[in-house]
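Visitor: Coordinates only, no sequence provided:
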Ligand SMILES: Nc1ncnc2c1ncn2[C@@H]1O[C@H](COP(=O)(O)OP(=O)(O)OP(=O)(O)O)[C@@H](O)[C@H]1O
């Protein structure tokens, strides 16, 4: 498996008054193309910071982030915008749907951003929402809105999907449906999937598990035989 992502001595500091908080403290790891990676760690460990740096939403204080041989840490703002648009699908706890577009329109919007051939209804079907295609976000529950945002990220067919607690608002059955979809994207479409979660059970389904604590890598484990998401005991 070829390396697609590399963090080299990455540090991210936040200043508040005289105090400097090291949210990322000399972090090193690699992720292979198509890998299904789970990032675990206690609250405040730096998980979201890691995802934001990787997704080009925030910049490093020092160190290097190399994606597909490109140095993301030295991108200009325009290069970052292009990088995010072409390579990254974000699945966050907040949904960011466009309120005056229907579920289907929110998903099909991706066709205007990247050159992909998708059937929006098929993608909505894969997240169990085919019956809600013509509803507006305000007419959907929180979990349904989250699934539309997941469908939109998947429809983009990005090189990597960055997911921050993607199943936070979902019941366990729907959560398994979504995680299974993400594992399938990794296994069958070679999409690199990075999931930040508090749910340690998911570690058994990951190709790689990165544990972080106090902004530092605690351990990196590789699963030679990851379980299927659907076989985990939830
Ligand atoms: N914009 C910011 N300004 C100052 N401090 C920040 C900022 N963003 C994050 N931090 C701090 O950096 C540390 C890491 O935060 P981060 O959100 O990455 O943690 P996390 O592991 O994702 O936590 P959680 O599981 O609670 O979401 C925390 O101490 C947090 O308070």
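Guide: Cool, got the structure. Given the structure is predicted, the values throughout are model-derived calculations rather than measurements.
Visitor: Got the phi and psi for the closest residue to residue 88 other than its chain neighbours?
Guide: Among residues not flanking residue 88 along the chain, residue 55 sits closest, at 5.0 Å (CB to CB, 6 or more residues apart in numbering). The C-beta positions use only the backbone N, C-alpha and C, and glycine is treated the same way. When read as degrees, to the nearest 10, the backbone of residue 55 gives phi -80, psi 0.
Visitor: Same question for residue 16.
Guide: According to degrees, to the nearest 10, residue 16 has phi -130, psi 110.
Visitor: Report the buried residues of stretch 23-31.
Guide: Neighbour counts using 16 or more other CB atoms under 10 Å place 23, 24, 25, 27, 29, 31 of stretch 23-31 among the buried residues.
Visitor: Contacts for it next, please.
Guide: 3-14, 37, 46, 49-50, 53, 60-61, 63, 192, 194, 208, 210, 212, 214-217, 220 (CB atoms under 8 Å, 6 or more residues apart in numbering).
Visitor: Pull up the residues of this structure that are close to the ligand.
Guide: 14, 16, 21, 23, 41, 43, 44, 45, 46, 47, 48, 49 (CB under 6 Å from any ligand atom).
Visitor: need the longest helix for this protein.
Guide: If you go by DSSP state H, the chain has its longest helix at helix 172-189.
Visitor: Show the secondary-structure elements that that one is packed against.
Guide: Helix 172-189 makes packing contacts with strand 36-40, helix 142-155, strand 160-164, strand 192-196 when contacts are defined by 3 or more CB pairs under 8 Å, 6 or more residues apart in numbering; DSSP states H and E.
Visitor: Centre of the chain to the last one, how far?
Guide: In this case it means strand 192-196. 5 Å (CA atoms, centre = their mean, to the nearest Å).
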